[in-house]
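In: here is my input; please provide its structure:
(one chain, ligands or ions: 2)
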Amino acid sequence: MAGAMDSLELVAREVAACTACPLSAHRTHTVPGEGTAPASLMLIGEGPGRQEDAEGRPFVGAAGQLLDRMLAAIHRDRTNVYIANVVKCRPPDNRTPSDDEALACAPFLSRQIALVDPDVIVTLGATATRLILGADVRITRVRGQWHALGERAVMPTFHPAFLLRDPRQKRLVWEDLQKVAARLGIPLAEGQGERGW
Ligand code: URA
Ligand code: SF4
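Out: Ligands and ions are numbered 1, 2, ... in the order given. Presented below is the predicted three-dimensional model:
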């Protein structure tokens, strides 16, 4: 369902009842997304991990805490952005969702994008980037450059879970986030950025 009567609450209710892909069998809680709408900035991750599945909220584990610090560096938090995932149910053992699972869940994400109506979408990591920009794109090639989804600007960047494993890549992600801030007209003070993450 989409259109004038749609709402994030309705999406969340339908997600909670969804059995459209095999991930429904393993979940404790669905994780529809969190934040405000409309919002100029929307972030899209991959899928819930253990802690997100336990709480029903996106990005609440270690990667989520890093994401919150990254957002704080551009003066954003969950009261002024929307955070969603490609799949709303936790893949077993945190494996990457299959293309079939991502496509089964994609109508929910499409509705969330329409409802949040962001100017800028940041795709976090390969799974979200491939869903939004096309299955053949490579995150290492497209990150840091502006892309388009209709009238929306898309900035692919590395996933915070990857940054936890390879903190040297934070410098590149900070470059990407500075581009996002500039596009959204968010002024940044000196001395912010990845050193504080
Ligand atoms: N990683 C994701 O991609 N999404 C979450 O919600 C948490 C970790
Ligand atoms: Fe439905 Fe998405 Fe959960 Fe699969 S991951 S069961 S499509 S809500």
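
In: any idea which helix or strand carries I83?
Out: strand 82-85 (DSSP states H and E).

In: buried stuff in that strand?
Out: If you call a residue buried by 16 or more other CB atoms under 10 Å, then strand 82-85 has these buried ones: 82-85. For the C-beta atoms, the positions are set from N, CA and C on the backbone; glycine is no exception.

In: same list (those residues) but as TSV, adding distance to ligand 2 and pLDDT.
Out: Converted to TSV, the buried residues of strand 82-85 look like this (distance: CB to the nearest ligand atom, whole Å; pLDDT from 0 to 100):
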residue	distance to ligand 2	pLDDT
Y82	17	99
I83	16	99
A84	11	98
N85	9	99
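
In: just give me the neighbour total for L115.
Out: By other CB atoms under 10 Å, 21 other residues sit near L115.

In: ligand 1 contacts on the protein?
Out: Counting by CB under 6 Å from any ligand atom, the positions of the chain adjacent to ligand 1 are 45-49, 52, 58-59, 61, 63-64, 85, 161.

In: show me the helices in this protein, by range?
Out: With DSSP state H as the criterion, the chain has helices at 8-17, 50-55, 62-73, 99-116, 126-133, 139-142, 160-165, 170-184.

In: now the second one: average pLDDT?
Out: The pLDDT scores in helix 50-55 average 98.

In: what residues of that helix count as buried?
Out: Buried positions in helix 50-55, judged by neighbour count with 16+ other CB under 10 Å: 52-53.

In: show me what it is in contact with.
Out: 27-29, 31, 58-61, 64, 89-90, 94 (CB atoms under 8 Å, 6 or more residues apart in numbering).
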